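Trainee: Here you go, sequence then predicted model.
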Amino acid sequence: MRCAEIQPNLAAFVLGGLEPEEAAEVRSHLASCPSCHDEVRELQKVNRALEATPPHADPPSYLKNEILSRVRAEGLSPPNKEQTDESSSLEEQTGSFRTSRFNRLKELRIILPSAAAAAVVAMVALGVFFGFLREEPPVATIQLMPTPEEAARLDGYWGVAEIHPQPSGNQQVELKLNNFEEPKPNSYYEMWFVSGHRRISAGSFTSVGEGETRVLLNVPPDARNYRTLLITEEHIDNNPASSQEVALKGELP
Amino acid sequence: MGFATSDILDNRQKSPRRMMPQRADELSDEQLMARLAGPEVEAAISELYDRYSRTVYGVGLKILGERSSVEELVQDVFLKVWRSSHTFDPSRSSFSTWLYRVTRSCALDLYRKRASRVRQVPDGDLHIAASRDPSDGPQEIVDESWLSWRVSRALQVLDAPHREVIALAYFGGLSQREISERTGVPLGTVKTRTASAFKSLRGELAIQDTSREAMR
């Protein structure tokens, strides 16, 4: 057989996926064709590399939301002023991007007294901000329990919301849910601070089902006197009104 | 008759192309990295996550084993991408290579942190799974992951039909005829896709192998 007829079969040959008679034809051709023989050796390298394929698994869906929440929460300060613990060689790679950002600042006509002063200000701000976020204990921890109707149907669903006041006056809510089932298709969850008939949304999220879901949400200062927390299941449809489907409920102490 | 510079600038600003923001999924990795400093940071990090989280997660599983540690790794990696985006220089390495390096660094940190936690067990009977050669240090274990990273990225580049034939042939152990019968795709097409997928994998692995040199 000619090379042109053999070559489309070489990858399948390396994979051991040809019928016995086809494989015999390929072997016979390879014995007399150095070019195709070399090609097979290259394909075998690919085949061996496939042994290193990492396990095929998707990260849990809540991870992305959590990362985006962190970015959002920390986004009050520009990211690149944080001192990273990357190796020095990574630190060396600052050239073009630092320059372009500097230019962008100039375009925006933001007047900085000096880069050093800005860095000091940023570090102080970051220190205060992160110190506040990460080290101060929450001012309130609220247990979220299923409503009686839900409790009768479900077993072991619970959540905890921790309230962290922010320097801006907003309140950050760190929500941890355990085994909280995923919303139905075209639905999502929303957290509310409720006082009487008034409610303020703290934001929307989804959950992972089995395991822990952890998200960061925020409410404005006005929510400080709203003592009831609700998590409702909302639907993506043409009805702008919020749903009345309460999944979890808690009361501030 | 000439144009004043201000006229040209005005026309540029009014052109629909300039007015219309480009979607994150249309941007290259490097363009997305440049956006991490701007107001579209969330869209940029979200798109990078969609493109690379499977690879980070899969390679992390290979290095660390435990899912809880790997979830921590994924978070650490993408937050570090955001916080350290200024250290990325596209003239020195591809984003994929840089991200591998960030992943390796974070994995080593977690590995050491986990090892120190294990050492604190008072009775000294450690519970680390003995799945690896104990002579391997963390650096060696993590370094093995480079090939896994490259293969994972090369597979991600394939479109779904080509990835399917590789999955069925290599991981499923099916012959070309069996793949054809299972998928309903003509045998000739299965063979063409297999050959084409191998060609693509070979090219991608070669490109990424070259970029490793740039990483050093």
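Mentor: Perfect, I can see it now.
Trainee: Past the helix or strand where A:Asn179 lies, which element shows up next along the chain?
Mentor: Secondary structure assignment for A:Asn179, by DSSP states H and E: strand A:171-180. Using DSSP H and E, the helix or strand that directly follows strand A:171-180 along the chain is strand A:187-195.
Trainee: List the buried residues of that following strand.
Mentor: Residues of strand A:187-195 classed as buried by neighbour count (16 or more other Cβ atoms under 10 Å in any protein chain shown): A:Ser187, A:Tyr188, A:Tyr189, A:Glu190, A:Met191, A:Trp192, A:Phe193, A:Val194. Backbone N, C-alpha and C define where each C-beta goes, glycine included.
Trainee: pLDDT (mean, whole number) over it?
Mentor: Taken as a whole, strand A:187-195 carries a mean pLDDT of 88.
Trainee: now do stretch B:50-60
Mentor: Per-residue pLDDT over stretch B:50-60 has a mean of 93.
Trainee: Then stretch B:202-216?
Mentor: Rounded mean pLDDT across stretch B:202-216 is 64.
Trainee: Which two among the buried residues of strand A:187-195 are spaced furthest apart?
Mentor: Maximum pairwise distance in the buried residues of strand A:187-195, criterion Cβ to Cβ, is 20.8 Å, between A:Ser187 and A:Phe193.
Trainee: can you list the domains in the chain?
Mentor: Let's take chain A. Domain assignment for chain A, taken from automatic domain parsing, gives A:3-51, A:62-79+A:96-135, A:140-251.
Trainee: My question was about chain B, not that one.
Mentor: Using automatic domain parsing, chain B is parsed into the domains B:23-125, B:158-216.
Trainee: which one is the closest residue to chain A within chain B nearest to, not counting chain neighbours?
Mentor: In chain B, the residue found nearest to chain A is B:Gly58; the distance is 3.2 Å by Cβ to the nearest Cβ. Closest residue in space to B:Gly58, ignoring its immediate chain neighbours: A:Pro54 at 3.2 Å, by Cβ to Cβ, 6 or more residues apart in numbering or on different chains.
Trainee: That neighbour in helix, strand or coil?
Mentor: coil (DSSP: H, G, I helix; E, B strand; the rest coil).
Trainee: residues touching it, list them.
Mentor: Listed by Cβ atoms under 8 Å, 6 or more residues apart in numbering or on different chains, the contact partners of A:Pro54 are B:Thr55, B:Gly58, B:Val59, B:Leu61, B:Lys62, B:Ser145, B:Ser148, B:Trp149, B:Val151, B:Ser152.
Trainee: what number of residues lie near the third one?
Mentor: A count of nearby residues for B:Val59, using other Cβ atoms under 10 Å in any protein chain shown, gives 30.
Trainee: and it, how far is that from B:Glu144?
Mentor: Per Cβ to Cβ, to the nearest Å, B:Val59 is found 10 Å from B:Glu144.
Trainee: Return the backbone torsion pair for the residue of chain A found nearest chain B.
Mentor: At 3.2 Å from chain B, A:Pro54 is the closest residue in chain A, using Cβ to the nearest Cβ. For A:Pro54, the backbone dihedrals (degrees, to the nearest 10) come out as phi -70, psi 160.
Trainee: now B:Leu158
Mentor: Torsion angles at B:Leu158 (phi, psi; degrees, to the nearest 10) stand at phi -70, psi 150.
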